[in-house]
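Peer 1: Sequence first, then the predicted structure, then my questions.
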Amino acid sequence: MKITKFAQCCLLIEVDDKRILTDPGRFSTAQNELTDIDIVLITHEHADHLHSESVQAVMRNNPEAKLITNSSVGKVLDELEVTYTVVEGRDVCTTCDIALAAFDGPHAEIYESFGLVQNTGYFIADSLFYPGDAYTEPGRDVPILALPVAGPWCKSAEAIAYAKRVNPTKAFPVHDWLLNEDGIALTHGIFGTALQEAGIEFVPLQNNETKEF
């Protein structure tokens, strides 16, 4: 599996000759130029995960792509006249020969009810679990975890504890766009040290960087 991180949680995942794009949000524009995308996954409706212009550009450039999301995001996509398929709750499906499993989990609290929306994580190709903005535990072996490490709802201690509970073989950071260069270095270092002690390989992944997993 090859993963390119554009920004925040916008990932290009290449596996079994398929190309999967997650959460085309407002902090990146590189996704707007991508072609040959097979699947688009959107976990929730916040603008750093769903940017209307980006979604429209991605689907315009990839008219055969299958967009998978939840019912709440679907209401936004209806207004944009973008076609989609709802996969939520604990739904499972195979799309473009890629196994997908949904894992709804509550969006982690920012402050009281502010920003609490439906959040659906996805297990991709039986290899990568991307929980969105949640600490959802899939209850199965996780080879690779896309681990949120920063943000207005994300406390390092809670995120590290979450990773230890999930116990992936490898984890890489997402949701860190709001950190400057020094903040990224510090945060990635903390997570790397803590998870290494727990026997989890933490693989730093910078914005606009590609790595094999």
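Peer 2: Nice, thanks for sending it over.

Peer 1: And the helices in the protein?
Peer 2: 52-61, 71-80, 156-166, 181-197 (DSSP state H).

Peer 1: List the buried residues for the second one?
Peer 2: The neighbour-count criterion (16 or more other Cβ atoms under 10 Å) identifies 72-74, 76-77 as the buried residues of helix 71-80. C-beta here means a position set from N, CA and C on the backbone, and glycine is covered the same way.

Peer 1: same for that helix, what does it pack against?
Peer 2: Other elements packing on helix 71-80 under the criterion 3 or more Cβ pairs under 8 Å, 6 or more residues apart in numbering; DSSP states H and E are helix 52-61.

Peer 1: residue contacts, Pro152?
Peer 2: 110-111 (Cβ atoms under 8 Å, 6 or more residues apart in numbering).

Peer 1: quick one: pLDDT of it?
Peer 2: Among the per-residue scores, Pro152 shows a pLDDT of 95.

Peer 1: Now distance to Glu45 and mean pLDDT too, for the helices of the chain, in CSV please.
Peer 2: As requested, these are exported to CSV (distance: least, Cβ to Cβ, whole Å; pLDDT from 0 to 100):
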stretch, distance to Glu45, mean pLDDT
helix 52-61, 10, 98
helix 71-80, 5, 98
helix 156-166, 22, 98
helix 181-197, 26, 97
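
Peer 1: Mind putting those into JSON lines with distance to Lys211?
Peer 2: Formatted as JSON lines, these follow (distance: least, Cβ to Cβ, whole Å):
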{"stretch": "helix 52-61", "distance to Lys211": "22"}
{"stretch": "helix 71-80", "distance to Lys211": "28"}
{"stretch": "helix 156-166", "distance to Lys211": "18"}
{"stretch": "helix 181-197", "distance to Lys211": "13"}
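
Peer 1: List just the one of those helices that sits closest to Asn208.
Peer 2: helix 181-197 (12.7 Å; Cβ to Cβ).

Peer 1: Other residues contacting the closest one?
Peer 2: 147, 149-150, 156, 159-160, 163-164, 171, 173, 176, 179, 201-202, 204, 206.

Peer 1: what's the most distant pair in these?
Peer 2: Pairwise over those, using Cβ to Cβ, the maximum falls at Lys164 and Gln206, 23.7 Å.

Peer 1: still on that earlier bit, closest one to Ala7 out of the contacts of helix 181-197, please.
Peer 2: Asp176 (9.1 Å).

Peer 1: Tell me, how many residues neighbour that closest one?
Peer 2: Asp176: 24 surrounding residues under other Cβ atoms under 10 Å.
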